[in-house]
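Visitor: Got a predicted model here, sequence first, then my questions.
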Amino acid sequence: MAKKRKHGHRLAGTLGRILGFFTASALCGVLAASLVAPAVAAAGLGVSTSIGFFDSLPEELTVQPPSQTTRVLTSDGQTIATFYAENRVRVPLANMSPFIRDGIVAIEDSRFYEHAGIDPQGILRAFLSNVTSGGKQGASTITQQYVTNVINEARLSQDKGNEVILSGQKDMGDKLREMKLAVALEKKFTKDQILEGYLNIVFFNSDAYGVEAASRYFFSTTAKDLTLPQAALLAGLVNSPTFYNPAVNPENSKARRNQVLDEMLKHRKITQAQHDEAAAAPIELKITPERQGCANAAMAPYFCDYISHLILNNPAYGSSLLERQRRLYRGGLTITTTLDSRLQAAAQAQVDGTAGPNPDHWGAALVTVQPGTGKILAMAQNTVFLPADGKFDTQLNFNVDAKDPQGNDLNGAGGFQPGSTMKPFTFAEWLNEGKSMTAVVDASRRVYPLGFPWRSSCGKVLGAYSTAQNNPQLGAADDLQNAEDGFYRPMPVNYGLYNSINTATFAAAAQLDFCGIQKMVDAVGLHSGLDGAQINMHQLGNLLGATGVAPLHLANAFATFANDGKYCAPVALVDVTDAAGGKLPAQPSECRDAVKPDVARGVNAVLQDVLTKGSGVWINPKVHDKRPTAAKTGTSNNNGSTWVVGYTSGLATASFFGDALEGQKRSGQNVTINGTFYPRLDGWMIAGPQWANYMVQVTPLYPANPFPPPPASMTKP
């Protein structure tokens, strides 16, 4: 009884396959006849309904460039990171090895150069094999496969992945539509154009779309340099990327490779000797996975993240966020940035070594801009982008604002209290009002009571205090503290600056127009790193740096002094091109006069003294020997935020060390950093050497001239 049922099942299966064969043959006849002479086919075959169905199918196929990989580069051409939805690098057919071209045709569609998009012989052969042996041979030509890939790619690029149809999911209607589109495509493109498109779009691996990416992934080579065994392996892989994956199923892969070699020999694309040598060759993989996104950047992950936000926030790259994301991840952009890989490597090495094992997660950051252009040359911090054992991880960028001027997210930490690095801007206004660099101020005064007659010419309400003409109420300073005793006395104002005396800065401000100080701070681009708001210089605490500022903008403000008073907005994007080489908007240098040249020269003169006889004298004397260098130290009230910002005429760098993630609530007092105990942190102690050691390395790479001296009138008492 069981035997009869078994024979019955076999008979039913055979009859089903025969019925399928004749049904498919009839459809293929309809298809072939309709392509040649639809009216005749309808009359002769009596299948007008089928002809009508076929004629109703679309024959237009928009072939868009497939999704390609975006590359982010340094100014010297090194790869920072790649972005992709599908790892693909498009190359012309001429840049593909003839072995891959011949191999893919031999194994997938040997009559590719003979048929017109569909291959009736192949269809009948496949069906006959399937009917007689119960196999599952396909009959899609390379052109048909290309059509399917183009349709699916279009769906993916429109976020319609649920509409993608795989080969095994196609019904007869899908197949007929595919056939008609293939024939139409052959009328529009040459065979070589179709083969090129196919080899650039076809799926090899989840990490490799197209033959160039597959060559790089599996063999660390290019499509142009594929050897015969390598090309045959890849040609065989497209039929079943999982089953024939050489890294997972090497025996399956080798058997399939040798099948490709057999077909290439059969069709006289290789000699017997070439075949035998390639078939005997072992599979030798050199897998190099692409590392996608900023978390896997080859360098500067936080600068990479900054770049991605600049692209995604800018309507010039698409009218919606979704369009901009598509362009970044699918558009094959080449984004050339301002980053100098030499400076970046030096900066990263420096911040990584600053805090040592760092179990308490102290933050260290360095950022460098070029005076005169605003180009960001280095951006580093002592963290990793993704969690890792024994590492300090965060995705927040210590060096940039939390948001851009339009309120778009930049993923920045929001700035840190700059402390005494704000003092040069009060001093700049001192010089701007025509006062002498060496004039004496009363730094013995520690109390400025409520109602003290500060001057403000703008007469507007700022913050919590009304600032009426000549009688503003800016609050009170009840007991100003200097870092050390012995400085509560009258002193020259320049002496007070290079020794970073708080009472001297207040004594100078007492003689100035606070609206002038405000204009000076605004002119050099300083603002709140948290929300981009203006730093209200009518609040007394901001004279000593109470509002958080991002290191990037603090470095750039000092670069204004280095550039003889001309401010240049920070620039990160030099050149952006699409996959076809078309230009997209980048960031031009935007420079303007901000500080009078004589004022900038006066500031430069005093800040050079910081390193030779002031608050930074213990940092590293060699830094001033390399190039004429100016700098300012800074420390917040609780010592949790420490700085040195310094510059030559060629480079300006902000160095930060402190509490980067807890809103600067953590005190920098009685702490142990990298094995050394500090009763209290100061700018010159850790941020200082970090800055100096880095600058000693990199300043020779950017020529610097001596700073022009201030006019003699400024130096008179």
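Guide: Nice, I can see it. Computed from a predicted model, the values in this text were never measured in an experiment.
Visitor: Tell me if I'm right that Ser110 and Glu263 touch.
Guide: Yes: using C-beta atoms under 8 Å, Ser110 makes contact with Glu263 at a distance of 6.9 Å. (Each C-beta comes from the backbone N, C-alpha and C, glycine too.)
Visitor: what about those two, which has more around it?
Guide: Using other C-beta atoms under 10 Å, the more surrounded residue of Ser110 and Glu263 is Glu263, with 21 against 16.
Visitor: Next one: the closest residue to that one other than its chain neighbours relative to Glu178, how far apart?
Guide: Nearest non-adjacent residue to Glu263, counting by C-beta to C-beta, 6 or more residues apart in numbering: Ala106, 4.0 Å away. According to C-beta to C-beta, to the nearest Å, Ala106 stands 22 Å off from Glu178.
Visitor: Also Glu186?
Guide: Relative to Glu178, Glu186 is positioned 13 Å away (C-beta to C-beta).
Visitor: When those two are compared, which one has more neighbours?
Guide: Using other C-beta under 10 Å as the criterion, Glu186 and Glu178 rank with Glu178 on top: 26 against 17.
Visitor: if you average pLDDT over the host helix or strand of that one, what comes out?
Guide: Secondary-structure assignment from DSSP states H and E places Glu178 in helix 172-188. Averaged across helix 172-188, pLDDT comes to 86.
Visitor: what's the following helix or strand after it?
Guide: Following helix 172-188 in sequence order, the next helix or strand is helix 191-201 (DSSP H and E).
Visitor: For that next one, list every residue counted as buried.
Guide: Neighbour counts using 16 or more other C-beta atoms under 10 Å place Ile194, Leu195, Glu196, Gly197, Tyr198, Leu199, Asn200, Ile201 of helix 191-201 among the buried residues.
Visitor: go on, stretch 391-406?
Guide: For stretch 391-406, by 16+ other C-beta under 10 Å, it's Phe392, Thr394, Leu396, Asn397, Phe398, Asn399, Val400, Asp401, Ala402, Lys403, Asp404.
Visitor: Go ahead and measure how far it is from the middle of the chain.
Guide: Stretch 391-406 has its C-alpha centroid displaced from the chain centroid by 14 Å (C-alpha atoms, centre = their mean, to the nearest Å).
Visitor: Identify all contacting residues around it.
Guide: Stretch 391-406 is contacted by residues 302, 305-306, 309, 313, 358, 361, 363, 365, 367, 379, 381-387, 409-416, 527, 529-532, 550-553, 654, 656, 660-661 when judged by C-beta atoms under 8 Å, 6 or more residues apart in numbering.
Visitor: Weed out the non-buried ones from those.
Guide: Buried among the contacts of stretch 391-406 (16+ other C-beta under 10 Å): 302, 305-306, 309, 313, 358, 361, 363, 365, 367, 379, 381-385, 410-416, 527, 529-530, 532, 550-553, 654, 656, 660.
Visitor: now what about the helix or strand harbouring the residue nearest to Glu263, what contacts it?
Guide: Assessed by DSSP H and E, Ala106 sits inside helix 98-108. Under the criterion C-beta under 8 Å, 6+ apart, residues 93, 112-113, 142, 145, 195, 198-199, 211, 223, 226-228, 230-232, 234-236, 238-239, 259-260, 263-264, 266-267, 269-270 lie in contact with helix 98-108.
Visitor: residues of that helix that come out buried?
Guide: By neighbour count with 16+ other C-beta under 10 Å, helix 98-108 contains the buried residues Phe99, Ile100, Arg101, Asp102, Gly103, Ile104, Val105, Ala106, Ile107, Glu108.
Visitor: As TSV, these with distance to Ile283 and pLDDT would be great.
Guide: TSV is the format used below for the buried residues of helix 98-108 (distance: C-beta to C-beta, whole Å; pLDDT from 0 to 100):
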residue	distance to Ile283	pLDDT
Phe99	16	98
Ile100	16	98
Arg101	21	98
Asp102	20	98
Gly103	15	98
Ile104	18	98
Val105	22	98
Ala106	19	97
Ile107	17	96
Glu108	20	95
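Visitor: No further queries at this time; thank you.
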